[in-house]
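**Student:** task: produce atomic coordinates for the following.
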Amino acid sequence: MDEITIQVGLPEHLRHEAAKIYFDAFRRKLNPILKSPETAVAVLQHDLDEQQAIVALHQDRLVGLVGIQHNNRHFIEIRQDTLIREFGWFSGRVRHALRLLLSRPYQTGELLMDGIAVTSEMRGYGIGTRLLNAAIEFAQKNAYQTIRLDVVDTNPDARRLYERMGFVATKTEYYGLLTRWMGFTGSTTMRFDL
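**Tutor:** Purely as a prediction, here's the structure:
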């Protein structure tokens, strides 16, 4: 699809749409923390960093994105104060603690991907591949040695894409008793060396 434009940075007027696309892609992971789709989208929209995204646009409409952690800033960093505002003092703090369980530490020299998402109607057009290529190009231009991401076991299509692009699985974590709460049994860390 030739009319797709890939760019670094999310236009501000597309924040709400980006939050919706991100939530749709990561609903299972986010539902236990953010509850309803409306609340989730409001929290994500509030706490996303427009500069930490590489986006795919089709006729000025957002059709895909990849969140990145660059310069110690995440695409989405759900903050405790946002959760307290949405859920109250106690519940907001508990939800923040749960969010911290899912966070991944940053390693020097690596670009951490915070997720890749393509709208359902635009899947199958190579947009995910183009976004991944753009992330690789961004990492090279910014002198990263590695790109790291995590993929859950309930998303085999994404894992196949990453493997096809040259990402290699380095470890898999299983969540045991948390599986029922999280909606997936484990996640695999994958790396791409530049």
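
**Student:** where does the chain dip in pLDDT?
**Tutor:** Filtered on pLDDT under 70, the chain yields the residue ranges 1-2, 102, 175-184.

**Student:** not counting its neighbours along the chain, what's nearest residue 70?
**Tutor:** residue 52 (6.0 Å; CB to CB, 6 or more residues apart in numbering). Where C-beta positions appear, they are placed from N, C-alpha and C, glycine not excepted.

**Student:** residues contacting that neighbour?
**Tutor:** 67-70, 73-75, 114 (CB atoms under 8 Å, 6 or more residues apart in numbering).

**Student:** what do you get for residue 62?
**Tutor:** Residue 62 neighbours (CB under 8 Å, 6+ apart): 10, 14, 17-18, 21, 55-56, 119.

**Student:** could you dump those into TSV and include distance to residue 149, neighbour count and secondary structure?
**Tutor:** Below are these laid out as TSV (distance: CB to CB, whole Å; neighbours: other CB atoms under 10 Å; DSSP: H, G, I helix; E, B strand; the rest coil):
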residue	distance to residue 149	neighbour count	secondary structure
10	19	23	coil
14	23	18	helix
17	22	19	helix
18	18	25	helix
21	17	24	helix
55	17	24	strand
56	17	27	strand
119	20	19	coil
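
**Student:** re earlier: nearest to residue 192, of the contacts of residue 52?
**Tutor:** When those are compared for distance to residue 192 (CB to CB), residue 68 wins out at 12.9 Å.

**Student:** next, the closest residue to the closest one other than its chain neighbours: phi, psi?
**Tutor:** Nearest-residue entry for residue 68: residue 52, 5.5 Å, with adjacent residues in sequence omitted and distances by CB to CB, 6+ apart. Here is the backbone geometry of residue 52 (degrees, to the nearest 10): phi -100, psi 40.
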